[in-house]
Every structure is written in structure tokens, then in C-alpha cells.
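Need a 3D model of the following:
(one chain, ligands or ions: 2)
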Amino acid sequence: MSDSRTRTDRTPYDALLLLSFGGPEGPEDVVPFLENVTRGRGIPRERLVEVGKHYFLFGGVSPINEQNRDLLAALRKDFADHGLDLPVYWGNRNWAPYLVDALREIAADGHRRVLVLATSAYAGYSGCRQYRENLADALAVLAEEGLPELTVDKLRHFYNHPGFVEPMAEAALAALGTLPEAVRDTAHLAFTTHSIPVAMADSSGDPADPARGHDGGAYVAQHLEVARLVAAAVADATGVADRPWRLVYQSRSGAPHIPWLEPDICDHLEELHGAGAAAAVMVPIGFVSDHMEVKYDLDTEAAARAAELGLPAARAATVGADPRFAAAVRELVLERAATERGSRPARCALGTLGPSHDVCAVACCPNPRAPRPAAAEQ
Ligand SMILES: CC1=C(CCC(=O)O)c2cc3nc(cc4[nH]c(cc5[nH]c(cc1n2)c(C)c5CCC(=O)O)c(CCC(=O)O)c4C)C(CCC(=O)O)=C3C
Ligand SMILES: [Fe+2]
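Ligands and ions are numbered 1, 2, ... in the order given. Sure, this is the predicted structure:
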């Protein structure tokens with residue numbers, strides 16, 4: 001088989017589904033969206049009222065859907081430019097366009113074997129199994145409706161893929177460049193991600209995964225790996241070898257007596273200021289694109305805290321629809337297709353943890369409440 005053919009052979013897959021979280025697109029969407037997200041989650045009412053305010057501050061519009069439309073366009077363009085003939089669909093877990101409608105459309109278009117790109121780069125219940133549970137639920141709806149059966153596989157976690165890490169490193173450098181020149185070489189890097197319950201972090205990943213063995217499970221290990229990779233790239237580009245950095249958290253919810261990952265970004269900024277730090281760059285490595293967590297928790301709340309403290313601070317852009325990320329998705333699609341055909345393609349990954357598994361084990365990223373059916377597992 002010729003080289004160019006292998007580089008466009010997506011057999012056995014018929015379609016790619018971009019699967020995301022979803023977000024409201026106007027004030028009237030906010031409350032029903034939050035109800036969708038938090039059904040059965042035991043999130044305190046005060047927290048929901050508070051989070052609703054974040055959305056209303058931005059006219060009830062989350063940036064996430066626009067970002068996904070851009071990513072969809074970037075994927076279609078990249079596939080077309082590289083001769084990869086694979087239709088791309090989009091569906092969300094919590095808001096329109098809904099996952100179940102996307103699967104109905106895929107089935108109606110005659111596709112049967114679907115690869116899924118979830119817009120979540122890391123292991124963990126929220127970023128992995130929850131997407132697969134929602135896939136199982138949606139597939140069950142199709143089955144009830146007597147629609148043709150779809151087989152669904154999920155792409156491996158891409159946190160350590162160069163197409164994800166390199167745009168992040170470049171964004172961190174660009175953010176550093178917006179700081180006053182006098183503090184650029186001494187600015188700290190604050191890598192931020194979504195806080196999750198400590199118990200959920202500890203059980204994240206496959207029990208057989210080397211990353212799971214780390215303190216904090218695969219979720220923390222994978223974020224530390226990305227933080228290290230980005231910090232090293234920034235050191236290379238700036239010639240500042242000993243720039244301090246730390247992995248910190250944001251967007252905590254849940255009851256106060258349940259331990260979640262800490263420190264919070266705002267507490268961290270205070271600590272940096274107290275310790276005499278000159279400046280900080282917040283790098284939202286936990287978010288694939290701009291979400292409300294980025295717009296509110298970082299650009300609004302954390303930025304205000306930094307201003308109060310008089311600490312110069314900047315926020316790095318998210319990867320979003322960067323063409324390198326779109327190209328990485330194409331590589332991941334072709335890699336997985338080749339694997340399914342029985343070959344052993346190169347599996348690109350930076351750092352030391354290695355490429356993530358293709359198929360989740362049954363014990364991977366367990367549901368913290370009760371086991372439920374999940375798609376795309378062994
Ligand atoms: C790890 C993680 C990611 C990253 C992986 C991924 O991307 O999936 C993520 C993404 C997102 N989370 C989002 C929104 C929300 N998450 C909530 C609640 C929670 N998130 C959690 C974790 C995560 N969340 C957890 C452990 C909870 C507690 C309840 C539960 O166990 O589920 C709540 C309830 C209110 C609150 O408490 O904040 C909301 C509104 C949006 C959309 C934003 C927008 O509209 O732009 C996105 C992309
Ligand atoms: Fe969340």
C-alpha cells in the first residue's frame with residue numbers, strides 16, 4: 001500500500017463525532033442548561049445561583065459553542081486539505097446540538113462505525129467516563145427507536161500530543177510577552193485546570209496506567225506532565241531556565257466539607273504576591289478551548305484578584321481551533337484506524353508517560369456515585 005494511501009485510509013471508520021460539553025447561547029438557556037449539567041449531582045443550590053450569575057454576566061452566552069463551531073471548521077478544512085474523506089459531526093452532552101441528535105443524523109446518513117473526539121484532554125470521570133456514559137445513553141435511545149446499530153470508539157486522551165502541547169507553549173510565551181518587560185523574566189507560570197474531588201482524582205485513569213500510580217492519580221500526573229512540557233518549552237524559548245511554576249486549580253463546586261484539588265488559582269495569586277513574585281502568567285492547560293470557566297473564573301475573578309493585589313498577570317490563550325490541533329486529530333484518527341486494521345502505527349506522545357490507551361478498561365475513571373453503562377470500553 002502506498003504511503004499516501006496509508007495516510008488517508010480511515011477504514012474501518014465512517015464518521016468522526018466531535019463530542020463536547022455544550023453551553024447556553026442566550027439568557028433563557030442558562031437555567032435549563034444548568035439543570036441538565038447538575039441533575040443528580042448534589043451540587044448546592046447557592047453554587048448554581050452563583051454559576052448562573054457568571055453566565056448572565058456574559059449575556060447568558062458561553063463561548064464554548066462558538067469555539068466548537070470553529071474547531072469543526074478547522075477539522076473539516078484540515079481533512080479536506082489532506083485528502084482524508086471522513087465526515088465530521090458535532091453533538092454535546094448538555095446542550096444543543098445534542099449528542100443523541102448527532103447520532104441519529106449519523107445513522108440516517110448511513111454510517112455505522114463512529115470515532116469520537118471528546119473535547120477533554122485528560123483522564124478522569126468528568127473528562128472520560130462521563131462522556132462514555134452519555135454515549136451509552138444516546139445509543140440506547142437509538143436502539144429503542146429501532147435505528148441501525150452504531151459502533152462507537154473514542155480517541156485516546158491527547159494531553160501529551162505535540163499538536164496540543166505546542167500551541168499551549170506558544171500561547172504561554174505570547175502571554176509572557178504582554179507583561180511589562182521588567183517582569184517578563186521573573187514572572188511565574190500558574191498552570192490551571194478544573195478542580196475535581198480528591199477522591200475522583202485518585203481513582204482517575206486505568207489502574208494499569210503508569211500515570212495512575214502517581215499521587216493524585218492520572219488526572220494530576222497528566223496535568224503535571226503538560227505543565228512540565230510547557231515550562232520546558234518556555235525555558236528554551238526565553239533562556240530563563242529556573243522560572244518557577246505550579247499546577248493550580250479553579251472552578252471548584254460541590255459541598256465545602258468534601259476535599260477538592262487545591263490550591264485555587266486566586267489563593268495561589270495571593271500567595272505569589274505575598275512571597276514577592278513579580279508577575280504571573282495563567283496557563284489554562286485543563287481547557288481545550290475558551291469556556292465559561294476561562295472567561296469568568298480566570299479573566300474576570302482571578303484577573304480582578306491580581307489587579308487588587310497589584311500583581312501583573314496575563315492569561316494564555318487556549319488551543320481552540322489551532323491548525324496544529326486539527327492536524328493532531330487527523331493523526332490520531334489515522335493512527336486509531338490503522339490500529340483497528342491490525343497494524344502497529346507510530347503513536348506520538350511527548351514526555352515520559354507515553355500515549356494513553358485506546359480502549360478504556362472497565363475500571364478506568366470510575367463513576368463516583370454508582371456504576372452505569374458506558375460505551376467505548378473493554
Ligand atoms: C474535569 C472537568 C472538566 C474538564 C473536562 C471537560 O471538558 O469535560 C469540566 C468541564 C466543563 N464544566 C462545565 C460546566 C460546569 N461544570 C460543573 C460541575 C462540575 N465540573 C466538574 C469537572 C469538570 N468540568 C465537576 C467534578 C463538577 C461537579 C459536578 C459533577 O460531578 O459533575 C457545573 C455545575 C456548576 C458548578 O458547580 O460549577 C457546570 C455549569 C463546562 C461548560 C462551560 C461553559 O459553559 O463554557 C465545561 C467545558
Ligand atoms: Fe465542569
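
Spell out which parts of the stretch 101-250 of the chain neighbour ligand 1.
The interface of the stretch 101-250 of the chain toward ligand 1, taken as C-beta under 6 Å from any ligand atom, is made up of 119-120, 124, 126-127, 194, 196. (Glycine included, C-beta is placed from N, CA and C.)

Now this protein against ligand 1: closest residue?
Of all residues in the chain, Ser253 sits closest to ligand 1, with a separation of 2.4 Å (C-beta to the nearest ligand atom).

so is that residue in a helix, a strand, or just coil?
The three-state label for Ser253, taken from DSSP: H, G, I helix; E, B strand; the rest coil, comes out as coil.

Let me see the contact set for it.
The neighbourhood of Ser253, defined by C-beta atoms under 8 Å, 6 or more residues apart in numbering, consists of 43, 47, 51.

Just give me the least confident of those.
Ranked by pLDDT, those bottom out at Ile43, which scores 80.

And the residue nearest to the spatial centre of the chain, which helix or strand is it part of?
When C-alpha atoms, centre = their mean is applied to the chain, the residue found nearest the centroid is Ser120 (2.6 Å). Element membership for Ser120, per DSSP states H and E: none, as it lies in no helix or strand.

gap between it and Glu301?
Taking C-beta to C-beta, to the nearest Å as the measure, Ser120 and Glu301 are separated by 22 Å.

same check, this time on Gly354
Going from Gly354 to Glu301 by C-beta to C-beta gives 36 Å.

restrict the contacts of Ser253 to contacts with ligand 1.
Filtering the contacts of Ser253 for proximity to ligand 1 (criterion: C-beta under 6 Å from any ligand atom) leaves 43, 47, 51.

pLDDT value on Arg5, please?
What the model reports as pLDDT for Arg5 is 58.

again, but for Pro148
Pro148 is assigned a predicted lDDT (pLDDT) of 96.

Identify the single longest helix in the chain, thanks.
What stands out as the longest helix in the chain, according to DSSP state H, is helix 217-238.

which strands and helices sit next to that helix?
Helices and strands in packing contact with helix 217-238 are listed as helix 162-177, strand 188-194, helix 198-202, strand 245-250; criterion 3 or more C-beta pairs under 8 Å, 6 or more residues apart in numbering; DSSP states H and E.

Adding secondary structure, distance to Arg344 and neighbour count, write the ones next to ligand 1 among the contacts of Ser253 out as TSV.
What follows is those, written out as TSV (DSSP: H, G, I helix; E, B strand; the rest coil; distance: C-beta to C-beta, whole Å; neighbours: other C-beta atoms under 10 Å):
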residue	secondary structure	distance to Arg344	neighbour count
Ile43	coil	44	16
Arg47	helix	47	16
Val51	helix	45	20
